[in-house]
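Visitor: let me see the structure of the following:
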Amino acid sequence: MNAIRLRDFIEDRDGCLYAVSNYDNADRIGCILRYVPDADGERTNRAGRRYHKYDFAESFDWVREHKPEYLDSVHRVPYCDVVRIYKPEEEIGRVAARNVRVARLLSHFDLSPGSFGCTGSLLCGLENDASDIDLVVYGDAWFVAQHQLRRLVETGVIPGMSTAMWRKVYDKRVPEISFETFVLHEQRKWNRGEFEGTYFDLLYTRAYKNLDAVPSGAGKVVGRATIEATVTDASLSFDSPAIYAVDHDEISRVLSFTHTYSGQALAGEVIEAKGVVEEHGDERWLIVGTTREAKGEYIVSKTLLESV
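Guide: Numbers count the residues shown, from 1 in each chain. Next comes the predicted model:
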C-alpha cells in the first residue's frame, strides 16, 4: 500500500473522518477531524449516513472530550484504529462520475492519470451544492496544472476570479496584510479559481518519492522575529507547510503553516516575514502560522510590492 500522505482522508472505527495534515505518519497518522457521524448532521453520504462537519477549533474540543488519546498538536490516530483510507488520486474517477461540475472542470486540464484528485468533502462523498472543489495535484504535475490554469484564464476558457470571490477568500483567511496586498500576491499564484460559480483550489502535495524532502517536527521556540531575506529556493512554497529557503544571517528557512502565504514569493525575491523562531539542530527556522489565523504573522514579497 502506498504511504498515507497529506490531503488523504482516513476513517476510524467509529466512522469519524479525518483530513491527513502531515507527511510524518510513521507511527500514528497526523490529521484533523472533519466529520463525525450524527443523526442530526447537515451532511449525508452516499449510503444515507448523516455527519456533522467540525471546524478547526470545534474538532479539537470534540477530540479532547471523546478521544483524548488522539490529542497532540494535530490529531494522531493509530493505524490499528483506521478502517478505511481515502486517496484523492484513486477516487477521482468516482468523484467526477457523480459530480458534473468536477467533470467539466477537469475536462479543461490535461494531467496524467494518478497525478491528481479531489480532497475534502468531495473525496468523502459529503459534498453539498455550496461545496468548494479542492483539487490536489502531486509533485511536478502541480506546476503543469498551474501553467494550464493560467492559460485557461488568459484565454477566457475559465473566468478570472471576481472581486467578490477575492473578498470572500480574504475575509475567510483574515490575514495580517491589506486586501490590496493580498490580491496582488494571489493573482500571480494561479492556484485557485472560480468555475461555474464555484470556488476551487489547486493544492500541492508531494509525490510519493519525495515525501521525506524536508525534516518534520516542531523545534525549540527561541523567540519571535521580523526578518528581511532573499529567497534562494521556493520549490516547496506551495506545499503544506510552505517552505522557503532563504539567505539570512540567522534564519535558514521560513515555513508557513497557513495556506494564505503559500507561493507568496519566488526564488530571488526579497521577503519580509514575521513569526516565531524555532531551533532545528544547528539551524533556525522562522515559523508563520503558529495559530489558526496567524495573528501578528505574515510573509510578503518586498520585491513584488516595490514593483508596483
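Visitor: can you give me the domain boundaries for this structure?
Guide: 9-86, 88-208, 217-307 (automatic domain parsing).
Visitor: just checking, S115 touches V136?
Guide: No. Contact criterion C-beta atoms under 8 Å: S115 and V136 do not qualify, at 9.8 Å. All C-beta spots, glycine's among them, are computed from the backbone N, C-alpha and C.
Visitor: compare the two (neighbour count), which wins?
Guide: V136 (26 against 18; other C-beta atoms under 10 Å).
Visitor: quick check, that one in a strand?
Guide: Yes. Counting by DSSP: H, G, I helix; E, B strand; the rest coil, V136 falls inside a strand.
Visitor: mind listing what it touches?
Guide: Applying C-beta atoms under 8 Å, 6 or more residues apart in numbering, we find V136 in contact with R7, P88, E89, F116, G117, C118, T119, L203, Y204, T205.
Visitor: how about those, which pair is most distant?
Guide: Farthest-apart pair in the contacts of V136 is C118 and Y204; separation 14.4 Å (C-beta to C-beta).
Visitor: using the three-state scheme, assign Y18.
Guide: strand.
Visitor: and it, how far is that from F56?
Guide: 12 Å (C-beta to C-beta, to the nearest Å).
Visitor: now do L123
Guide: Taking C-beta to C-beta, one finds L123 at 18 Å from F56.
Visitor: show me which of those two is the more surrounded one.
Guide: Legend: neighbour count by other C-beta under 10 Å for L123 and F56, higher for L123 (25 against 11).
Visitor: verify the contact between that one and Y86 for me.
Guide: Yes. If you go by C-beta under 8 Å, L123 and Y86 touch, sitting 5.1 Å apart.
Visitor: give me phi/psi at C118?
Guide: phi -120, psi 140 (degrees, to the nearest 10).
Visitor: quick one: pLDDT of it?
Guide: C118 is assigned 98 on the pLDDT scale.
Visitor: quick one, strands of the stretch 51-200 of the chain?
Guide: 75-78, 82-86, 116-119, 133-138, 192-195, 198-205 (DSSP state E, counting those that start in this stretch).
Visitor: can you point out the buried residues in the second one?
Guide: With burial defined by 16 or more other C-beta atoms under 10 Å, the residues of strand 82-86 counted as buried are V82, I85, Y86.
Visitor: now for that strand, which elements pack on it?
Guide: If you count contacts as 3 or more C-beta pairs under 8 Å, 6 or more residues apart in numbering; DSSP states H and E, strand 82-86 packs onto strand 9-12.
Visitor: give the rounded mean pLDDT of the strand it packs on.
Guide: Here the average pLDDT along strand 9-12 is 98.
Visitor: what sits against E42?
Guide: Counting by C-beta under 8 Å, 6+ apart, the residues that E42 touches are R50, H52, K53, N128.
Visitor: one more: P88?
Guide: P88 neighbours (C-beta under 8 Å, 6+ apart): R7, D8, F116, G117, C118, T119, L123, V136.
Visitor: now the helix or strand hosting I227 against strand 198-205, angle please.
Guide: Assigned by DSSP states H and E, I227 belongs to strand 220-236. Angle of strand 220-236 versus strand 198-205, following axes from the mean of the first three to the mean of the last three C-alpha atoms, to 10 degrees, is 100 degrees.
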